[in-house]
Each structure stands twice: as C-alpha cells, then as structure tokens.
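S.K.: Sequence first, predicted coordinates after that:
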Amino acid sequence: MRRLAVGLVAVALLAACGGGGGGAQPAGSIKVTMTEFAFSPSSLSVPSGKVVLYLVNAGTVSHDIVIKDSSGNSAGRSDLISAGDSFVFTMSNLSPGTYTFICDQPGHEANGMKGTLTAT
C-alpha cells in the first residue's frame with residue numbers, strides 16, 4: 001500500500017513539472033510550434049490585452065519565447081520548455097504595437113528563431 005501511495009505522489013509531481021499546463025490546447029489560445037530553429041507561425045496578429053499562446057516544443061532541445069517591444073525591452077517571457085513538452089504562456093496586458101519574439105537560448109535567435117507579433 002505504501003509503494004502505491006509513493007508511486008502516485010511521484011506521478012503527480014512529474015505531471016506538475018510538465019511546463020505550466022501542457023496537454024490540450026486551451027480554447028482561445030494561439031498555437032506556436034518551436035523547432036530548431038524556427039517558430040511556426042513566425043508572424044502573429046493578436047488583439048491587445050490578454051494574450052494566451054500555446055507553445056509546443058516539437059524540437060530536440062529546450063526553447064523559450066521572449067516578447068520584445070520596439071525598444072528591445074522584454075514585454076513577456078515564457079518558462080524554458082523541454083523538447084516534446086508544451087506550455088501555456090499568458091500575457092495579461094499587452095499594449096497595442098509591433099513586437100519581436102525570439103528564443104533567447106544561446107545561438108537560437110542568430111540561427112533564425114525569431115518572429116513578429118502585432119497587437120491591435
């Protein structure tokens with residue numbers, strides 16, 4: 001009985017480490033797939049305000065997403081997402097404007113892992 005309880009706790013803890021709500025894509029979210037070395041899609045158009053991205057790492061190494069404003073300041077940053085994992089990334093109050101998004105893991109942006117986000 002004790003082994004079963006320990007096993008269930010271990011499974012629950014491993015599930016909790018899945019990257020902030022991986023699994024099914026939430027309704028109303030925008031799916032962004034990450035691979036070496038690209039985002040798909042690489043151009044996003046979203047309404048300003050609350051933005052929910054469903055990030056799927058279909059690559060073989062960890063990736064993240066950093067949203068930068070026109071001055072290069074960070075407007076939002078996801079957790080690091082392991083290969084094969086997914087993550088629900090929410091920005092609560094994105095102002096209208098044009099942003100760039102990158103993976104800030106070493107060498108990823110330089111190899112083309114970037115895109116444009118427009119909030120209207």
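M.R.: Yep, it's here.
S.K.: For T116, list each beta-bridge partner.
M.R.: Beta-bridge pairing of T116 under DSSP bridges involves S43, T100.
S.K.: which one is the most centrally placed residue in the chain nearest to, not counting chain neighbours?
M.R.: For the chain, the residue nearest the mean C-alpha position is L55 (3.9 Å; C-alpha atoms, centre = their mean). Nearest non-adjacent residue to L55, counting by C-beta to C-beta, 6 or more residues apart in numbering: F87, 4.6 Å away. Placement of C-beta: from N, CA and C, glycine included.
S.K.: does that neighbour really touch I81, like I thought?
M.R.: Yes - with contact defined as C-beta atoms under 8 Å, F87 counts as touching I81 (4.8 Å).
S.K.: thinking again about what came up before, show me what the helix or strand hosting the residue nearest to the centre of the chain pairs with in its sheet, parallel or antiparallel.
M.R.: Assigned by DSSP states H and E, L55 belongs to strand 49-57. Counting by DSSP bridges, the strands paired with strand 49-57 are strand 30-35 (parallel), strand 86-94 (antiparallel).
S.K.: what sits up against the helix or strand that comes right after the first one?
M.R.: When you say that, I think you mean strand 30-35. The helix or strand immediately downstream of strand 30-35 is strand 38-40, counting by DSSP H and E. With contact meaning C-beta atoms under 8 Å, 6 or more residues apart in numbering, strand 38-40 is reached by 32-34, 65, 101, 103, 112-115.
S.K.: how distant is the strand holding L55 from the center of its chain?
M.R.: Offset of strand 49-57 from its chain centre (C-alpha atoms, centre = their mean, to the nearest Å): 6 Å.
S.K.: Please name every helix or strand in contact with the next helix or strand after it.
M.R.: As assigned by DSSP H and E, the chain's next helix or strand after strand 49-57 is strand 66-68. Secondary-structure packing of strand 66-68 (3 or more C-beta pairs under 8 Å, 6 or more residues apart in numbering; DSSP states H and E): strand 74-77, strand 97-102.
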